[in-house]
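Asks: generate a structure from the sequence data that follows.
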Amino acid sequence: MAGFLRGKQAGIQNDLSAGILPGLFSPDDQARFGINSQIGSLAYDPIQSLLAIGTNETTFGSGQIYVFGQSRVQVTFTLPRRASVKTLQFVASRLISLDSKNELVVWDLQLGKKVAVYNPPGIVTALVTDPMLDWALIGLQTGDIIAYDLDREKLAPLRLPNFWRERNPRSRLLSVVSMQLHPRDIGQLLIGYTEGAVIYSFKQNKSVKYFQYEVPAGAPGGNPDPATIGTVRKPQLTQAFWHPTGTFVGTAYNDASMVFWDPKDGRIVMARTLSDSLVNLSTKSPGSIDTFELKEPFMKVVWCAKDNPDDTGILVAGGVLTTMPQKGMTFVELGPTPVYATSTWQILTDHFEAKRQHFLPTPPGAEIVDFCLIPRSSPHFAGAQDPILILGVLNSGELVSLSFPSGYPVSPTNNLPPSVSFVHPFVTSISVAPLERIRWLGMIENRQRGPAILRGGAEGVKRLRKGESRNIVQMAHGDGTVRIWDAGHGDELENPAMLQVDVARVLDRYEDINITSMSMANTTGELVVGVSTGEAVVYRWGGNKLYGREAPNPTQTVAGGLTDVSSRSEPGLKEGLQPFVLYDIAQGPVTAVKMSEVGFVGIGSEGGMFSIIDLRGPVIIFSGSMSELIKPEKRGSFIRKGNNQSAKPDWPVVVEFGVMTLEGDSYSSIACFVGTNLGKIITFKILPQPNGGYTAQFAGISALNDKIISITPIITSSGQFAAATGATVRALRTGNQTHGTLVVATQTEARIFKPATAKGAHKTWEDFFCESACVTEFEGHGIALVGIFGDCSVRAYSIPGLKEVSASRLDMLDKTRLSNAVVTSSGEIFGWTGPSEVAMLNVWGTGQTLPPLQDKLFNPQATVPPRPTISSLQWIAGTQYVSPLDLDLLIGGPDRPPSKRMLAAAAEEERLARSGDAGPSRVPGTQSTEGWGDYMTRQLNERTAKLNIISDSTDKMLDNSSAWAEDASKFASRQKRNLIIGGITGKWF
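Replies: Coordinates of the predicted model:
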């Protein structure tokens, strides 16, 4: 009976929700976008072209691993138990993760699942792997090193003791802090302990060189302190690293100093900080150091190389003075490495004076705590050969992309997927528009961009839904950019590209940019963005007349008016969403914006001002204060009697456009409905003028109880949306009337009434506030009012009866951010599950849980190139070459069965033999049958043979030189004889 009475009160004769049964309202969990928690680790595989991101454990859930490929390719791995991801490393077809619970997990990229878990006997402090090896070397807090067999998924027999304790038995805390395999000689491992570094030889099964750094008395060291400069200091080692060709060894210390060593004799070549060199030498006047210079500790140090591994530089995060106002990274460019065999000691020392230094600044107030290099093609040289990009993790948990080595910021738009963009930088707010499919397919921007860094993986097959509008997400970031992309409906994306607009550039400032509201037109794709300083920017799709160059003359912003800002377009954007007009409302933060589909924009501010702009001019057709419009209504109202809220100012929070016949009119018109924070609904009529323009007139006001959440104009007879579209506005010329009504949701009630002032029907919510709501359409069944409430539930109410149809829990959403959730007209919900992750659900479902991702990551055709090896001169000089197969024998022992990679290579060799193709005599990766003694004998014989060849060549060269000298001597004698004879005959004859 109550529903029947509400229908009569609202003027709606039909039950517009008759086809919606309670069983049809059961939300499906469709997708996740973003990163669930703070980023803890990064890894990049240049062969498969994949990016892995590990997160930390927080109140929002356990750490997770995200692996991203091209376009929207993504696979998520969940740790076996709640923990934070500390380290990620790609090894061929595997991804190795180490978490805060010291659990080593092996993930198979080809199968997309976990294949092995290992719990080491102690706290893991270092982990090293190699793309060509089936081993993970694990450094423990005790100083021991164990090896895990990634192929056989078990512990290997090799266990290395604490070598530094053998050198200094009195030392106590000697944990492994860093490890790195020699970039060319896989038989050498550089181990960093807290007191120094050691080179371990697998082939000799012992430590072959020690590196211990002491700052002598009188030397400044890394942090010059007048109180301690007269004593000997032993800074703690934090990282050890190889030169890309193994020519030198580098060590970094907690006093912000770096020391470079000669690995052959263990001597110091150079000790320096980022600002000073030779800091290990005593100063001539120790008293000259009278101030304490504190430097930031090194976060990470990487020895990089160009395509030529001898042309190097060192990339450092940290190590600068703490008093520096600008934070960032430092790239020490060393240049080509001197030839060790022919260079003097002074030349080697001068090499580390560095050619030049580049400072790579980060966003204000942010510091890089970790970074990952994006190499062009090679996974070797510790992933630092020919890098093109730096992906850094800031102390806030955000990401930053910098070009290498220049350090210019690189936009993630169309370089990284939307989920990564959620933290690049953080997203402050989102909005969703149901944009027409045909319009979205044509919105592919033409922007200057570098080479793609994610090209791997393949998307899973999804159904294609061509008849629906696209869920276009507008995502506002903390740096003043808005990125726009298609979230889809859990279907195949025909246009997965991302658009970007730079609001900060249009405002001509890069500080104090806080985007407060956004709106995109459903058919034209026009966009309006409002900011907290009172400006609103309108964007339109088009070409850039100033492509590739800056505007010759700066544009001055008109205070309180409209400014043409087309000249403030991005120089690198040839075609896309271009800035059109800027409106400076100058009345506090912009609180509500709405872009209509017929060229009108509504903008409201916290100062109580509301304006309507006709983009055909553009011209402002209305601008007024809410207080002036509401004041007459307060004198005759008894609804708020005794309520002190009347003293508070009203400002717009929701704006909507529609076409309908207003109360008391005999014709339909374009209407603009404005909802305020105190529950007022103000209606304006937009009418044409004889001169071809439009004007806006105040039509009336209706008072509700609380803050307006949503306004939806509908047609009373069919329930269709009474939106202001091109078709409905054209129909006004023929006198066509649209009888409509408004469905309004507030925090405490819902009301259905005919604007502008009718009371209509209403229903009060029970127990909890409504945080977000919208009238949604279930195709073929009807419409319903869907709302998200403060108890983390979603409920559907019939129209016009406002009877609860069904309710469901949304426990995956963050209760503190329910007011930021978005309910779309098609029934999708976009709600925050954490600081930087959004869930997409569809209320018209069957209660399905989040489906597993069907994307494929691993490409078996993309093979790892051979690992760099020692040069022929090094081999002739006596360096024993150890191949990956030899290392398998040394680590795994003689009883280890052939690995899967060996078996696959053997199978391939057998297949080639059967097919008659000529194959190599020994396929790389197969098991050798010779013993270690036979191997050494063969090595010695080969080296002797090559030495004999060189000896024969040298003897032949000496013979040739002797013959040439003899011929030259005979020629000189003959010339002398001819000269003398010629002189005598010329004088006497």
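Asks: just for the stretch 801-950 of the chain, where's the confidence low?
Replies: Low-confidence segments of the stretch 801-950 of the chain (pLDDT under 70): 872-879, 905, 916-950.
Asks: show me where it has strands.
Replies: With strands called from DSSP state E, counting those that start in this stretch, the stretch 801-950 of the chain shows them at 804-809, 822-823, 828-834, 837-842.
Asks: what residues of the first one count as buried?
Replies: By neighbour count with 16 or more other Cβ atoms under 10 Å, strand 804-809 contains the buried residues V805, S806, S808. C-beta: built from backbone N, CA, C; applies to glycine.
Asks: next: the longest one.
Replies: For strand 828-834, a neighbour-count test (16+ other Cβ under 10 Å) marks E828, I829, F830, G831, W832, T833, G834 as buried.
Asks: separation between the residue lying closest to P46 once chain neighbours are set aside and G222?
Replies: Distances taken as Cβ to Cβ, 6 or more residues apart in numbering place P375 nearest to P46, at 4.9 Å, with adjacent residues excluded. P375 sits 30 Å away from G222, going by Cβ to Cβ, to the nearest Å.
Asks: which of the two has more neighbours?
Replies: Taking neighbours as other Cβ atoms under 10 Å, P375 and G222 compare with G222 leading, 28 against 23.
Asks: pretty sure A382 sits in a helix.
Replies: Yes - judged by DSSP: H, G, I helix; E, B strand; the rest coil, A382 forms part of a helix.
Asks: list the contacts for the nearest residue to it once chain neighbours are set aside?
Replies: Leaving out its chain neighbours, the residue that sits closest to A382 by Cβ to Cβ, 6+ apart is Q180, at 6.3 Å. Applying Cβ atoms under 8 Å, 6 or more residues apart in numbering, we find Q180 in contact with V128, L189, L190, A240, F241, W242, A382.
Asks: tell me which helix or strand L629 sits in.
Replies: helix 626-635 (DSSP states H and E).
Asks: against which helices or strands is whichever helix or strand comes after that helix packed?
Replies: Proceeding N to C from helix 626-635, the next assigned helix or strand is strand 652-661, under DSSP H and E. Applying 3 or more Cβ pairs under 8 Å, 6 or more residues apart in numbering; DSSP states H and E, we find strand 652-661 packed against strand 590-595, strand 600-605, strand 668-676, strand 708-715, strand 740-746.
Asks: the residue nearest in space to the middle of the chain: what secondary structure?
Replies: Of all residues in the chain, the one closest to the mean position by Cα atoms, centre = their mean is V420, 3.8 Å from it. Following three-state DSSP, V420 is assigned to helix.
Asks: and the gap between it and A240?
Replies: From V420 across to A240, the span is 31 Å (Cβ to Cβ).
Asks: Y583 now?
Replies: Y583 is 58 Å from A240, by Cβ to Cβ.
Asks: could you do Q204 as well?
Replies: From Q204 to A240 the distance is 19 Å (Cβ to Cβ).
Asks: the two - which one has more neighbours?
Replies: A240 (27 against 11).
Asks: so, low pLDDT: which residues of the stretch 151-300 of the chain?
Replies: Using pLDDT under 70, the flagged stretches of the stretch 151-300 of the chain are 284-291.
Asks: would you map the helices across it?
Replies: Secondary structure of the stretch 151-300 of the chain (DSSP state H, counting those that start in this stretch): helices located at 163-167.
Asks: buried residues in stretch 838-849?
Replies: Buried residues in stretch 838-849 (16+ other Cβ under 10 Å): V838, A839, M840, L841, N842, V843, W844, G845.
Asks: how about a markdown table for those residues, with distance to S100 added?
Replies: Listed next are the buried residues of stretch 838-849 as a markdown table, based on distance: Cβ to Cβ, whole Å:
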| residue | distance to S100 |
| --- | --- |
| V838 | 26 |
| A839 | 26 |
| M840 | 30 |
| L841 | 31 |
| N842 | 36 |
| V843 | 37 |
| W844 | 41 |
| G845 | 36 |
